[in-house]
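> model this:
(one chain, ligands or ions: 2)
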Amino acid sequence: MLAPALLCAHLLLAAPASRAWPGAAPDEPGPGAVAAQLSDMHDKVTAIWQQLTQRAAEPGAPGSALHAACRVQPSASLDAAQPRVSGLVLFRQPAPGAPLEAFFHLDGFPAERNGSRRAIHVHRFGDLSPGCEAAGPHYNPRAAPHPQHPGDFGNFAVRDGRVRKHRGGLAASLAGPHSIVGRAVVVHAGEDDLGRGGDPASLDHGNAGRRLACCVVGVCGPLPWERAAREHAERRKRRRDSDCEAA
Ligand SMILES: [Cu+2]
Ligand SMILES: [Zn+2]
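Ligands and ions are numbered 1, 2, ... in the order given. I've put the predicted structure just below:
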């Protein structure tokens, strides 16, 4: 059932795009109207796809959750003065269309600036061999301003040169036409101004500064997530216990 529905959806997508080719009649819709139609059809295809996949795998059923991992490496284009940040970003989505959650485990920031905050985003391209600049702009499938891109994860506090953070309710997805699988997670040297910088760049990328490290999001099984969740729970318990002792 899934394959014929997706085939129909592809045909729907292909039809208006062909009218936008050079040589189209003067009364045909312009590029803006075609883009709006395509965006609308994308949404409809996503809805069909989500209904079909959710019917096949109800949220909470064993094996229904989607997982992905991103092994963060220092950018190949860094100069010697820049910190070498590395680590692991893990994603879990209970079902297609559900909010995404993520663990961010990063090391290698300068330890002397406790309380500094670093931006993390999903960028468009997954070929990072020349350095993290090759990741291109923020992944922005709906032509929205920053910080409304699906991979605008915001700022992360650095403590003792590390980031250890769990975030839920993220807008990005591991499934559907706007999936972030195969795209890049980029860790920046600076803080995201979240669109409040007052200049055009702020609404484009948040003026988050140099790209220190990056990775490509890839599908994985549930084990890395389960391990990280266990470690996260143990850390929280230790923190609670030490708070009780101090009180
Ligand atoms: Cu970025
Ligand atoms: Zn953005």
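> For this structure, give me the ranges with low pLDDT.
Scanning the chain for pLDDT under 70 picks out 1-29, 34-35, 38-39, 41-43, 45-62, 113, 247.
> any idea how far the residue of it found nearest ligand 1 is from V85?
Here the residue of the chain nearest ligand 1 is H121; by CB to the ion that distance is 3.4 Å. Where you see a C-beta, it was placed from the backbone N, CA and C, and this is true even at glycine. H121 sits 14 Å away from V85, going by CB to CB, to the nearest Å.
> Please export the C-alpha coordinates of the helix or strand hosting the residue of the chain closest to ligand 1 as PDB.
Assessed by DSSP states H and E, H121 sits inside strand 117-123. Listed next in PDB are the C-alpha coordinates belonging to strand 117-123 (Å, rounded to 0.1, in the frame of the first residue of the first chain):
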ATOM      1  CA  ARG A 117      27.400  29.100  25.000                       C
ATOM      2  CA  ARG A 118      27.900  27.500  21.600                       C
ATOM      3  CA  ALA A 119      25.400  27.200  18.800                       C
ATOM      4  CA  ILE A 120      24.500  23.900  17.100                       C
ATOM      5  CA  HIS A 121      22.500  23.600  13.900                       C
ATOM      6  CA  VAL A 122      21.600  21.200  11.100                       C
ATOM      7  CA  HIS A 123      23.200  22.400   7.800                       C
END
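> was I right about V72 contacting F103?
No. Judged on CB atoms under 8 Å, V72 makes no contact with F103 at a distance of 11.8 Å.
> joint contacts of those two?
Shared contacts of V72 and F103 (CB atoms under 8 Å, 6 or more residues apart in numbering): 88-89.
> ok, and for stretch 218-225, which residues are buried?
For stretch 218-225, burial by neighbour count (16 or more other CB atoms under 10 Å) applies to 224-225.
> Next to ligand 1, which bits of the chain? Give me the list.
121, 186 (CB under 5 Å from the ion).
> Which parts of the chain are strands?
66-74, 86-93, 100-107, 117-123, 152-157, 162-170, 184-188, 211-216, 218-219 (DSSP state E).
> Dump these to CSV, plus distance to ligand 2.
Compiled in CSV, the strands of the chain are given as follows (distance: least, CB to the ion, whole Å):
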stretch, distance to ligand 2
strand 66-74, 17
strand 86-93, 16
strand 100-107, 15
strand 117-123, 5
strand 152-157, 4
strand 162-170, 13
strand 184-188, 10
strand 211-216, 13
strand 218-219, 21
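> winner for burial among those strands?
Ranked by mean neighbour count under mean count of other CB atoms under 10 Å, the strands of the chain are led by strand 184-188, which reaches a mean of 27.
> quick one, that strand and strand 211-216 angle?
Orientation of strand 184-188 against strand 211-216 (axes from the mean of the first three to the mean of the last three CA atoms, to 10 degrees) gives an angle of 160 degrees.
> For C215, which non-adjacent residue is closest in space?
In space, and not counting its chain neighbours, C215 is closest to C70: 4.0 Å by CB to CB, 6 or more residues apart in numbering.
> Is the one you found bridged to anything, and to what?
V89 (DSSP bridges).
> and P74, what does it touch?
82, 84-86, 108, 212-213.
> Just name the closest of these to S179, please.
Checking the contacts of P74 against S179 by CB to CB gives A213 as the nearest, at 22.0 Å.
> could you measure the spatially most central residue of the chain against S64, distance?
Geometric centre of the chain, nearest residue: G151, 3.5 Å, by CA atoms, centre = their mean. G151 is 23 Å from S64, where distance means CB to CB.
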